[in-house]
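>>> model this:
(one chain, ligands or ions: 1)
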Amino acid sequence: MKNDSDKITKKVKKINKIKDQLAQLRAKLKASEDQQTSFSSKPKFKKIKAKTQQSKNENLEARVEKKKAKVQKKKKEKEEKKKQARMIAEKKKAKVQKKKKAKEEKKKQARMIAEKKKAKVQKKKEAKKKEEDLKRTYEEELEEQLTEEEITGFQLEKIDMDRMCNKVCEIIAGYETQGTLQSELWKKLKLSSRDGSRLALKLERMGMITREKILEKERWTYKLIIKKIPISTKSIEGGPCLTCPVVTRCSLDGEISPRTCQWIEDWVMIELKNK
Ligand code: SF4
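Prediction:
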């Protein structure tokens, strides 16, 4: 009986001990929870935490601002650089444009001078041509159109050309070295200016006359001057040679010669007296 009571007492004791231990654990747990609660709800800590956070935020904002300003500055610098480059490029462009314009102006001036020069030369040329055209005579045109054979072989219809040539030369010879205007001569001989001009060319080619180009009453014409006096049959009519008995032995360098012939001398003297 006593043993049973001891056992029960022991058990009760053990249970109480466990109960105490549990109570202690509960108390500890509670204390821990309280401590935790009290720790987190402390206003000072909150304030510090808030302050730290604010500082952190401010630092972050400052950093962001700084970065932003840096970026802004960089952007501004870049823009300024671009602006400077643009200005330099524009200045360069303007300089090139100015140079180009000056070059073009120079070219224009040179072109204008060249054109003026060309026009002057052209004008001079035209004036010269005009002058030459005015100076150009019908005879010159004929000389261009006709062949030498056509000039020297010129014939007037139904007219003895030898006699005509002699007649013309005799008339011209009458004017001696002064010569005469061809137009006046053709009037005297009642020849057209076309025929007269061709006759003058023929006589010139024959070596009988010379033609001198002159300006008469604002027109270019020719003065005809004798070059070689033709032999006229009239001039030897009555000469002693025609009936001379020693004509066959007479020569310029011979013993009988016109240089020493008395008959010739007498005839010439008579002729001179008659003139
Ligand atoms: S020059 Fe005298 S010599 Fe001779 S042929 Fe005449 S006339 Fe006769």
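
>>> Run through the residues of the stretch 151-275 of the chain sitting next to the ligand.
Taking CB under 6 Å from any ligand atom, the part of the stretch 151-275 of the chain that reaches the ligand is made up of 240-241, 244, 246-247, 250, 256, 258, 261, 263-264. Heads up, the C-betas are built off the backbone N, CA and C, glycines and all.

>>> between those, which is closest to Ala31?
Of all those, the one with the least separation from Ala31 (CB to CB) is Pro258, at 189.8 Å.

>>> how about that closest one, what does it touch?
With CB atoms under 8 Å, 6 or more residues apart in numbering as the criterion, the residues that contact Pro258 are 241, 250, 252, 264.

>>> Neighbour-wise, which one of these leads?
Neighbour counts for the contacts of Pro258 peak at Ile264, which has 17 neighbours (criterion: other CB atoms under 10 Å).

>>> Okay, and that residue sits in which element?
Using DSSP states H and E, Ile264 maps to helix 262-274.

>>> try Lys67
helix 43-135.

>>> Looking at that helix now, give me its mean pLDDT.
Here helix 43-135 scores 89 as its mean pLDDT.

>>> Adjust the sequence numbering to begin at 204 for everything that follows.
From this message on, residue numbering opens at 204, which makes the last subject helix 246-338.

>>> helix or strand right after that helix?
Scanning forward in sequence from helix 246-338 by DSSP H and E, the next helix or strand is helix 341-348.

>>> CA atoms only for the next helix or strand along the chain from that next one - export them in PDB, please.
Once helix 341-348 ends, the next helix or strand along the chain (criterion: DSSP H and E) is helix 351-355. Listed in PDB are the C-alpha atoms of helix 351-355, where the atom choice follows Å, rounded to 0.1, in the frame of the first residue of the first chain:
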ATOM      1  CA  GLU A 351      43.100  84.700-169.800                       C
ATOM      2  CA  GLU A 352      42.300  83.300-173.300                       C
ATOM      3  CA  GLU A 353      38.800  84.900-173.200                       C
ATOM      4  CA  ILE A 354      40.400  88.200-172.200                       C
ATOM      5  CA  THR A 355      43.200  88.300-174.800                       C
END
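
>>> Can you give the contact residues for helix 351-355?
Outside helix 351-355, the residues within contact range by CB under 8 Å, 6+ apart are 345-346, 401, 404-405, 408-409.

>>> Can you list the buried residues in that helix?
Ile354 (16 or more other CB atoms under 10 Å).

>>> what comes up buried for whichever helix or strand comes after it?
Following the chain from helix 351-355 toward its C-terminal end, the next helix or strand by DSSP H and E is helix 364-377. Under the neighbour-count criterion of 16+ other CB under 10 Å, helix 364-377 has 367-369, 371-372, 374-376 buried.
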